[in-house]
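coords please:
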Amino acid sequence: IILRGYPRDMGQVVSCTGQTLWRGGELLADWCWQTRHDRRMWSRSVIELGAGLGLCSLLISAKCGAPQVVATDGDELALDALRRNLDTNA
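Next up, the predicted model:
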């Protein structure tokens, strides 16, 4: 998965926090990866609130097999970054 955004160490100083990858997102993505073969978990649709750069949504869609993944964010700049990352990884 290729992500384009600001480095994590800039996270607290950029005007849009959704344009950087946060440690919590990395931890959630790691958990998703570890459970990717659990059909009980990934046989359902998934919605990610505050997706930012889209790491978890991209991972769940590409590697976990969820039938539908919806990624959201409340910031237009974050949504632009999310769309670019979705296009890059399509």
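
only C-alpha atoms from now on, for both contacts and neighbour counts.
Fine.

quick one: residues contacting the closest residue to Lys63 other than its chain neighbours.
Setting aside the residues directly before and after it, Lys63 is nearest to Arg36 in space (Cα to Cα, 6 or more residues apart in numbering), at 6.7 Å. Contact analysis of Arg36 by Cα atoms under 8 Å, 6 or more residues apart in numbering lists 42, 60, 63-65.

one more: Glu26?
With contact set as Cα under 8 Å, 6+ apart, Glu26 has these partners: Leu55.

and it, how far from Val70?
The gap separating Glu26 from Val70 is 18 Å, by Cα to Cα, to the nearest Å.

tell me where the chain has strands.
Taking DSSP state E, the strands of the chain run over residues 46-48, 69-71.

and among the ones you listed, the most buried is which?
strand 69-71 (a mean of 17; mean count of other Cα atoms under 10 Å).

CA atoms only: put the helix or strand bottoming out on mean pLDDT in the chain into PDB for me.
Ranked by mean pLDDT, DSSP states H and E, the weakest helix or strand in the chain is helix 39-42, scoring a mean of 91. The C-alpha trace of helix 39-42 is given here as PDB (Å, rounded to 0.1, in the frame of the first residue of the first chain):
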ATOM      1  CA  ARG A  39     -13.900 -14.800   8.100                       C
ATOM      2  CA  ARG A  40     -16.100 -14.000  11.000                       C
ATOM      3  CA  MET A  41     -14.600 -10.600  11.200                       C
ATOM      4  CA  TRP A  42     -14.200  -9.700   7.600                       C
END
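
next, count neighbours for Thr88.
12 (other Cα atoms under 10 Å).

and the nearest residue to it once chain neighbours are set aside, what is it in contact with?
Here the nearest residue to Thr88 in space, its sequence neighbours aside, is Ile2; by Cα to Cα, 6+ apart that works out to 7.0 Å. Listed by Cα under 8 Å, 6+ apart, the contact partners of Ile2 are 85, 88-89.

could you report the distance from Ile2 to Gly25?
In this view, Ile2 and Gly25 are 15 Å apart by Cα to Cα.

wait, Cys32 sits on Leu58?
No. Taking contacts as Cα atoms under 8 Å, Cys32 lies outside contact range of Leu58: 10.8 Å.
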